[in-house]
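Student: Need a 3D model of the following:
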Amino acid sequence: MTTTALDAKLAGLLGGKTASGLQKAFGMVTVGDLLAHYPRRYARRGELTAISEMPLDENVTIVAEVVDVRERPMRQRRGSLLEVRITDGRSGGILTLTFFNQAWRARDLKPGVRGIFAGKVSRYRDALQLAHPDYELFEADANDAMDDTAAAWALQPIPIYPATSTIASWQIARAVELVLPTAVDLDDPIPAAIRDANKLVDYTTALRWVHQPSVDSEWQKGRDALRFAEALVLQTALLERRAQAQHQVARSRLAGSLLEAFDTALPFELTDDQRTVGNEIAEDLARAVPMNRLVQGEVGSGKTLVALRAMLQVAQDGGQAALLAPTEVLAAQHLRSMVKVLGPDLAAQLVPTLVTGQLGAAEKRKAMLRVVSGQARIVVGTHALISDKVEFYDLGLVVVDEQHRFGVEQRAALRLKSETVPHSLVLTATPIPRTVAMTVFGDLDVSVIAQLPAGRAGIVSYTVALAEHPRWVSRVWERVGEELATGRQAFVVCPAIDSTGADEGDGSLAEETETAGEQPREKASVESTMALLQNTPALAGRRIAALHGRMKSDEKDAVMQAFAAGDIDVVVSTTVIEVGVDVPNASTMVVLDADRFGVSQLHQLRGRVGRGGYAGLALFVTHAPEGSLARQRVDAVASTSDGFELARIDLELRAEGDVLGARQSGGRSSLRLLRVTRDGDLIAQAREAGAAILDQDATLTNHPGLRSAIDRALKETQAEFLEKN
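Tutor: So this is what the prediction gives:
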């Protein structure tokens, strides 16, 4: 048997132009890459697809029938517009195809003709449309014939592949048709005994049935086998890496008088969850194996306090702990909070030190000297900590605050600043999709802090849907004014700094909602919002200040300290206040253009309010239309404050990310058929099988199919990223 067919280059089989297009669109290089691009779903020539189920602003592929065709001149420019209405055969299921200056298409697109149509769904004048779609029409004689052959043809499943604006589903199907015959007698990743016990078809058959099924049962059985194979490959790979990690050596760090003195001086009692998680971390630190633990805790649950106790345990014998924060505002606040809670005696012993990019030259030299000499046993900083110029004396613990703001490489760079492998602790209020995937795949130890400290009243959240209710925007500012009248304060967050669109939100997540004849809507910015609020009657006389990333470090710090002191009523900000900022008197959070932020960001922003003894209010203002992916994200965050539930929703809306590589979430997931929100039992079953295989054959010498599948999954760069992570 052989696997060389999967390693063959597509260029040699499909030609350079097609292969180049597939590589650009999907990163495909080999036959294995193409055959692992499985169909998203299956349609039939005789079955029409529900138009009402198509999401706005996304590329879709549908089976439909032409209703009518008309050509009309365009009003604003020369030429004609061909409008073709297609139907799904159901009440109200009409979609319009529009073609500019392509009247000749009317010869093919005649009423009654069926085919596959692909393009991006938009809304124009209250009607759904595809502008300049791709299509492939079914043969008319086969469509009309009534014999058995035609009936089978009409019912045969048609693979519908994930496609792009440049490569349609049927183009991928044609490429598969050319290369599939070369993939024969493939080594099976699933050992025969496991395959037989689970009644799975062999790997070669599974690939053929998934891509070219004759009946539904074939692609269903093929998917079952490929899904199990995927789970087994990933689980076995992670188990191999985990076993290797157990051979790494970290310095054991035992708790002592520093932690005892700290706990004694605390003016409040730790929650039960904080104690439990603290004990789990303390046990990890006491071992000579590197800790790799994720602490998931709701916003305001006291994760940073738990992390500080871990830092004291490392500092007990002169070791250093570094906390990596995503922004200078948060890093500075962390340092101030730590100094305050430590008290003067412990602070004098530990010399907490701040390292950020905007420190003055003299101040930075002093900070770096304290770090390299070991005098600073607690170090807090931003990306500046990763700089080659920052050296540690004895880095024993790396704490990453809000890991969704840092990539695998950034976190690894900080860990590499120690001669021995440091312990690693990650804090997050909303696990990024990749983290949830890694959790289900068993590659992280997870602790959960569900309890909130006494006195937290919680947060209520609402979507302010301006697409349906444009007048609601005035009520937003009236509501803010009502909160300020009670003596509270408010945050207003914008995705951009000014009219140039300088973006500090997750603009890559925004769904562009403009359609034919419409102009893109300008992002809400700090600059424009400041001008608006200063002229809003409901906020007349209120003290309003701006805060964004272009401001100097001392300017940002001054604004936040004035806000914390109650000298400012409303801060209009970008996401520099996303995490960790603690102003107990702030009760209201307004996020403008909320659809331009990710699920994690919205959850974090909401967590800046409701931190005192009264309820917080979060208003997510959006123009995204109902049903769009962007709107679904906003509605999801408004509907729940449960971090794990939001991570599950984020997984479904986006993707798991690259479980074995560097991508954090979204994009092309390295999971092809598996979904961690659905396949937890299958993943656990595959993990048991992988563990049993490795117990008997640690190097997989006797399992060549599984070995080669893991090696293909762990390409050189992916293996490097997994090692770092």
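Student: which residues in the stretch 51-200 of the chain form helices?
Tutor: 140-144, 148-155, 169-179, 192-197 (DSSP state H, counting those that start in this stretch).
Student: ugh, typo on my part, it should be the stretch 501-650 of the chain
Tutor: 526-534, 553-564, 599-606, 629-639, 643-653.
Student: Quick one: closest of those to residue 167.
Tutor: helix 629-639 (20.8 Å; Cβ to Cβ). Placement of C-beta: from N, CA and C, glycine included.
Student: circling back to that earlier point, make JSON lines out of the helices of the stretch 501-650 of the chain and add distance to residue 267, mean neighbour count and mean pLDDT.
Tutor: As requested, the helices of the stretch 501-650 of the chain are exported to JSON lines (distance: least, Cβ to Cβ, whole Å; neighbours: other Cβ atoms under 10 Å; pLDDT from 0 to 100):
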{"stretch": "helix 526-534", "distance to residue 267": "37", "mean neighbour count": "18", "mean pLDDT": "95"}
{"stretch": "helix 553-564", "distance to residue 267": "19", "mean neighbour count": "18", "mean pLDDT": "88"}
{"stretch": "helix 599-606", "distance to residue 267": "27", "mean neighbour count": "27", "mean pLDDT": "86"}
{"stretch": "helix 629-639", "distance to residue 267": "33", "mean neighbour count": "21", "mean pLDDT": "91"}
{"stretch": "helix 643-653", "distance to residue 267": "27", "mean neighbour count": "21", "mean pLDDT": "76"}
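Student: Give me the below-cutoff pLDDT ranges for the stretch 251-400 of the chain.
Tutor: Of all residues in the stretch 251-400 of the chain, none has pLDDT under 70.
Student: And the helices in it?
Tutor: Under DSSP H, counting those that start in this stretch, the stretch 251-400 of the chain gives helices at 257-265, 272-285, 303-315, 328-350, 361-373.
Student: which of those helices sits most buried?
Tutor: helix 303-315 (a mean of 25; mean count of other Cβ atoms under 10 Å).
Student: what's next to that helix, contact-wise?
Tutor: 253-256, 258-259, 262-263, 270, 274, 277-278, 281-282, 285, 295, 297, 320-321, 323, 334, 337-338, 341-342, 346, 350, 377-378, 396-397, 399, 401, 423, 425, 427, 429, 449, 580 (Cβ atoms under 8 Å, 6 or more residues apart in numbering).
Student: and it with helix 272-285, angle?
Tutor: Helix 303-315 and helix 272-285 are oriented at 30 degrees to each other (axes from the mean of the first three to the mean of the last three Cα atoms, to 10 degrees).
Student: CA-only coordinates of helix 303-315 in CSV, if you can.
Tutor: Only the C-alpha atoms of helix 303-315 are listed here, as CSV (Å, rounded to 0.1, in the frame of the first residue of the first chain):
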residue,chain,number,x,y,z
LYS,A,303,-8.4,35.6,38.1
THR,A,304,-5.7,38.2,38.6
LEU,A,305,-5.6,37.7,42.3
VAL,A,306,-5.2,33.9,41.8
ALA,A,307,-2.4,34.7,39.4
LEU,A,308,-0.7,37.0,41.9
ARG,A,309,-0.7,34.3,44.5
ALA,A,310,1.0,32.0,42.0
MET,A,311,3.6,34.7,41.3
LEU,A,312,4.4,34.9,45.1
GLN,A,313,5.0,31.2,45.2
VAL,A,314,7.6,31.5,42.4
ALA,A,315,9.1,34.6,44.0
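Student: Just the terminal-to-terminal distance for stretch 291-302.
Tutor: 20 Å (Cα to Cα, to the nearest Å).
Student: ok, the closest residue to residue 705 other than its chain neighbours - how many residues close by?
Tutor: Excluding its sequence neighbours, the residue lying closest to residue 705 (Cβ to Cβ, 6 or more residues apart in numbering) is residue 187, at 3.5 Å. By other Cβ atoms under 10 Å, the residues close to residue 187 number 18.
Student: Surely residue 187 touches residue 703?
Tutor: No - applying Cβ atoms under 8 Å, one finds residue 187 not in contact with residue 703, separated by 9.2 Å.
Student: about what we covered before: can you put the helices of the stretch 251-400 of the chain in CSV and add distance to residue 122?
Tutor: Compiled in CSV, the helices of the stretch 251-400 of the chain are given as follows (distance: least, Cβ to Cβ, whole Å):
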stretch, distance to residue 122
helix 257-265, 58
helix 272-285, 47
helix 303-315, 42
helix 328-350, 39
helix 361-373, 51
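Student: quick one: which of the ones you listed is nearest residue 245?
Tutor: That would be helix 272-285 among the helices of the stretch 251-400 of the chain, by Cβ to Cβ, at 12.8 Å.
Student: The closest one vs helix 257-265, what angle?
Tutor: 180 degrees.
Student: Need the residues that contact helix 272-285.
Tutor: Outside helix 272-285, the residues that reach it (Cβ under 8 Å, 6+ apart) are 252-255, 270, 291, 293, 295, 297, 301-302, 305-306, 309-310, 313-314, 397, 423, 425, 445, 447-451.
Student: cool, and stretch 119-138?
Tutor: 45, 51, 54-60, 94-100, 108-109, 113-118, 165, 168, 170, 515-518, 625.
Student: Mind exporting the C-alpha coordinates of stretch 275-283 to CSV?
Tutor: Output of stretch 275-283 as CSV, limited to C-alpha atoms (Å, rounded to 0.1, in the frame of the first residue of the first chain):
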residue,chain,number,x,y,z
ARG,A,275,-9.1,28.6,46.8
THR,A,276,-9.6,25.5,44.7
VAL,A,277,-7.9,26.9,41.6
GLY,A,278,-5.1,28.3,43.8
ASN,A,279,-4.5,24.8,45.2
GLU,A,280,-4.4,23.3,41.7
ILE,A,281,-1.8,25.9,40.6
ALA,A,282,0.2,25.5,43.8
GLU,A,283,0.5,21.7,43.2
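Student: any idea of the mean pLDDT for the longest helix seen in the chain?
Tutor: The residue-count maximum for a helix in the chain (DSSP state H) belongs to helix 216-245. Mean pLDDT, helix 216-245: 91.
Student: Counting neighbours, show which residues of that helix come out buried.
Tutor: For helix 216-245, burial by neighbour count (16 or more other Cβ atoms under 10 Å) applies to 218-219, 221-241.
Student: Which other helices and strands does that helix contact?
Tutor: Counting contacts by 3 or more Cβ pairs under 8 Å, 6 or more residues apart in numbering; DSSP states H and E, helix 216-245 packs against helix 203-211, helix 680-696, helix 704-713, helix 716-724.
Student: quick check: angle from that helix to helix 203-211?
Tutor: Going by the same axes, to 10 degrees, helix 216-245 makes 130 degrees with helix 203-211.
Student: could you check the angle helix 704-713 makes with helix 216-245?
Tutor: Going by the same axes, to 10 degrees, helix 216-245 makes 80 degrees with helix 704-713.
Student: and the closest residue to residue 371 other than its chain neighbours, what is it in contact with?
Tutor: Nearest residue to residue 371 in three dimensions, chain neighbours excluded: residue 379, at 5.5 Å (Cβ to Cβ, 6+ apart). For residue 379, the contacting residues are 320-323, 352-353, 355, 371, 385, 392, by Cβ under 8 Å, 6+ apart.
Student: now do residue 59
Tutor: 118-120, 163-165.
Student: Relative to residue 624, how far out is it?
Tutor: 18 Å (Cβ to Cβ, to the nearest Å).
Student: what does residue 301 give?
Tutor: Where residue 624 is concerned, residue 301 sits at a distance of 30 Å (Cβ to Cβ).
Student: just residue 177 next, same as before
Tutor: Residue 177 is 39 Å from residue 624, by Cβ to Cβ.
Student: Kindly report the same for residue 204.
Tutor: For residue 204 relative to residue 624 (Cβ to Cβ), the value is 45 Å.
Student: Those two: who's more crowded?
Tutor: Comparing residue 204 with residue 624 by other Cβ under 10 Å, the one with more neighbours is residue 624, at 26 against 17.
Student: The more buried one and residue 634 touch, don't they?
Tutor: Yes - contact criterion Cβ under 8 Å: residue 624 and residue 634 qualify, at 6.7 Å.
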